[in-house]
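1. the following block contains a protein sequence and its predicted model.
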Amino acid sequence: MKYSSKKIKSDKSQTDAQLRILLEAGLLKRVRRSGWWVVGIDDPETVAEHSFRTSLIGYFLAKQEAVDTYKVLVMTLFNDLHEARINDLHKMGQRYIDFPSAEKKAFKEQIQGLNKKIALELEILRSELDVQTSQEAIVARDADILECLLQAKEYYEQGVSLAKNFLKKAPAKLKTRSAKLLWARIKKCDIDTWWQAISEFRR
């Protein structure tokens, strides 16, 4: 499928479908990432916060890996949209519930009513991401993993000792060279250096 910026005609029903998705996306500002509750964080990041930084990471990785940046951004932006309907579920819960099937069902219903070309594009990109059939999908998955690793490091350095558990297995799942290089920097960095450097008092 060719991805282009050609103008797509929209009618009232399609516009309403777009609005519904925007309203659902707003709910993700309140849906919490449940895995962090397990390690004792009472007020963890939201899904929207996670998705935002994942997209930033995805942008940089796409440029470094010379893949289609647009595809990576769409994958990362829409990756967790289904959680507006079925919430975020940590790994213990997924042990007992077929969460991937629920994700697919929710997302399929979310994109119903959209312009057919838009809906098909989102469906194809979502499928690519799920089964990792393209370089863009691999980059998008690496971005998702890296954001979780970065968040874990931040929580750990802020005093949540069990957040360190997230730093053990996830790095081995990274596939691209760029993601591995970024993780090497994340692992060694001081998370407060950036703001301390620009906050120094100057006469």
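-> Yep, it's here.
2. please make it C-alpha for all contacts and neighbour counts, starting now.
-> Noted.
3. can you pull out the helices in the chain?
-> Here the chain has its helices, by DSSP state H, at 12-27, 35-38, 47-65, 69-78, 83-86, 91-94, 99-110, 116-131, 135-157, 166-169, 177-188, 193-199.
4. mind putting these into CSV with mean pLDDT and mean neighbour count?
-> Output for the helices of the chain, formatted as CSV (pLDDT from 0 to 100; neighbours: other C-alpha atoms under 10 Å):
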stretch, mean pLDDT, mean neighbour count
helix 12-27, 95, 15
helix 35-38, 94, 16
helix 47-65, 98, 20
helix 69-78, 98, 21
helix 83-86, 98, 19
helix 91-94, 93, 12
helix 99-110, 96, 15
helix 116-131, 97, 16
helix 135-157, 97, 22
helix 166-169, 90, 14
helix 177-188, 97, 14
helix 193-199, 88, 9
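5. quick one: contacts for the residue nearest the centre of the chain?
-> The centroid of the chain falls nearest to S51 when counting by C-alpha atoms, centre = their mean (3.8 Å). Counting by C-alpha atoms under 8 Å, 6 or more residues apart in numbering, S51 touches T76, L77, N79, D80.
6. identify the residue spatially nearest to the third one, adjacent ones excluded.
-> Ranked by C-alpha to C-alpha, 6 or more residues apart in numbering and with sequence neighbours excluded, the top spatial neighbour of N79 is R126, at 7.2 Å.
7. what's the end-to-end length of stretch 63-82?
-> 27 Å (C-alpha to C-alpha, to the nearest Å).
8. contacts for that stretch?
-> Outside stretch 63-82, the residues touching it (C-alpha under 8 Å, 6+ apart) are 24-25, 28, 47, 51-52, 54-55, 58-59, 62, 103-104, 106-107, 110, 122, 125-126, 129, 135-137, 139-140, 143-144, 176, 178.
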